[in-house]
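S.K.: here is a sequence with its predicted model. Questions after.
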Amino acid sequence: MPTAGTTKKNAKAPRQKHVPQRTCVVCRETNAKRTLTRIVRTGETSFEVDPTGRANGRGAYLCSQLSCWQKAATTPILAKALRVTPDETSIQNLQEFAANLPQNDEAEAAAERS
Ligand SMILES: [Zn+2]
């Protein structure tokens, strides 16, 4: 048994994989970070989708539910979380991204429209 005094041991922390959890700003559901999409503030009146999750700036997360994206685009929830007054471009980007989400709801909504 080696008695290496140079290795620091943290007895409190159990050695398990830490999965970062994030909360959807709309439905407040907590989920693993990778299942949520980050929205990053890019200015006082703008934000953009940050698929890498690494962009600098104040961020908020949206889950994969289309309804949350629609609420983010049509209600002040996301804007409040990011403390922005979003311009039209930001909202449009959000809606475009939402339209490309792999969702069954979207297909149903499209079918209803036609
Ligand atoms: Zn959500």
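M.R.: Good, I have the coordinates. Numbers count the residues shown, from 1 in each chain.
S.K.: from the contact counts, what lies against the longest helix anywhere in the chain?
M.R.: Assignment by DSSP state H gives helix 88-99 as the longest helix of the chain. Secondary-structure packing of helix 88-99 (3 or more CB pairs under 8 Å, 6 or more residues apart in numbering; DSSP states H and E): strand 37-43, strand 46-50, helix 66-74. Just so you know, the C-beta spots here come from the backbone N, C-alpha and C atoms, and that holds for glycine as well.
S.K.: pLDDT on stretch 99-114, on average?
M.R.: Regarding stretch 99-114, the rounded mean pLDDT is 63.
S.K.: buried set for the longest helix of the chain?
M.R.: Neighbour counts over helix 88-99 (16 or more other CB atoms under 10 Å) mark 90-91, 93-94, 97-98 as buried.
S.K.: for these, give me JSON lines that also has distance to the ion.
M.R.: Shown next, in JSON lines, are the buried residues of helix 88-99 (distance: CB to the ion, whole Å):
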{"residue": "S90", "distance to the ion": "19"}
{"residue": "I91", "distance to the ion": "18"}
{"residue": "N93", "distance to the ion": "18"}
{"residue": "L94", "distance to the ion": "13"}
{"residue": "F97", "distance to the ion": "14"}
{"residue": "A98", "distance to the ion": "12"}
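S.K.: A32 and K80: what is the separation?
M.R.: 24 Å (CB to CB, to the nearest Å).
S.K.: now swap in S67 and tell me
M.R.: S67 is 18 Å from K80, by CB to CB.
S.K.: now C24
M.R.: For C24, the distance to K80 - CB to CB - is 14 Å.
S.K.: tell me which of the two has more neighbours.
M.R.: C24 (23 against 11; other CB atoms under 10 Å).
S.K.: so what's that one closest to, chain neighbours aside?
M.R.: C63 (3.8 Å; CB to CB, 6 or more residues apart in numbering).
S.K.: surely the one you found and L36 touch.
M.R.: Yes: under the criterion of CB atoms under 8 Å, C63 makes contact with L36 at 5.3 Å.
S.K.: thank you, goodbye.
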